[in-house]
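Chemist: Sequence and computational prediction follow.
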Amino acid sequence: MWIAIGILAVLLILIIFIVGIYNKLVAFRNRYKNAFAQIDVQLKRRYDLIPNLVETAKAYMSHERDTLEAVIAARNQASTASQKAAANPGDPGSMQALVGAEALLGGAMSKLLVTVERYPDLKANQTMGQLMEELTSTENKVSFARQAYNDSVTTYNTARETFPNVLVAGPFGFGAAALFEITNQTEREAPKVAF
């Protein structure tokens, strides 16, 4: 009888231990999902600003139609990639697609900003100045949100890879989460906004 009670006690302690690890991993996973949601909010804000920026520029840059269309196309691709990443933050495939789309958008925005420099009237436009200021502010917020997300992902990945958590993580489906990192050096350079 004492042996049966001892075995039940050990099993109960083991179950409590596993439940504790499981709950900790769930909490860390929810933190990185929340952190990505903050990125998503800022990206959506930026995606909403870009069409206004393009519309303002259209009045002055009628000969730069290709540049403006490239910005809108890149914005749409980045927005779609962001929605897919938001559905499953941490998924390496969706994060890689988002990083690629963001790089494309960054390149198109850089080209637009260089083109804007050739139009003094556009640079002096108050609406354009306000939009550029909001875009710069949003870019900073995206950067801070990305840092918070990457910190949360690192905490989660570390927790799921350490012993004894690794024994619980695999069987319960706690896969590795992907960082939101820029791998190409040219993509690391933020568009210069100067008015």
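Modeler: Sure, I can see it. Given the structure is predicted, the values throughout are model-derived calculations rather than measurements. Numbering: from 1, shown residues only.

Chemist: next helix or strand past the host helix or strand of residue 10?
Modeler: In this assignment (DSSP states H and E), residue 10 forms part of helix 2-58. Downstream of helix 2-58, the next assigned helix or strand under DSSP H and E is helix 65-87.

Chemist: What helices and strands are in contact with the next helix or strand after that following helix?
Modeler: Next along the chain after helix 65-87, taking DSSP H and E as the criterion, comes helix 92-116. If contacts are counted by 3 or more CB pairs under 8 Å, 6 or more residues apart in numbering; DSSP states H and E, helix 92-116 sits against helix 2-58, helix 65-87, helix 185-188. C-betas here are computed from N, CA, C, even on glycine.

Chemist: Report the buried residues of helix 92-116.
Modeler: Across helix 92-116, burial judged by 16 or more other CB atoms under 10 Å covers 94-113, 115-116.

Chemist: quick check: angle from it to helix 2-58?
Modeler: Angle between the axes of helix 92-116 and helix 2-58 is 20 degrees (criterion: axes from the mean of the first three to the mean of the last three CA atoms, to 10 degrees).

Chemist: Leaving out chain neighbours, which residue sits closest to the residue nearest the centre of the chain?
Modeler: The C-alpha lying nearest the average C-alpha coordinate of the chain belongs to residue 39 (CA atoms, centre = their mean; 4.8 Å). Distances taken as CB to CB, 6 or more residues apart in numbering place residue 145 nearest to residue 39, at 4.3 Å, with adjacent residues excluded.

Chemist: Ok, residue 77 next?
Modeler: Nearest to residue 77 is residue 101, by CB to CB, 6+ apart, at 4.8 Å.

Chemist: Thank you, goodbye.
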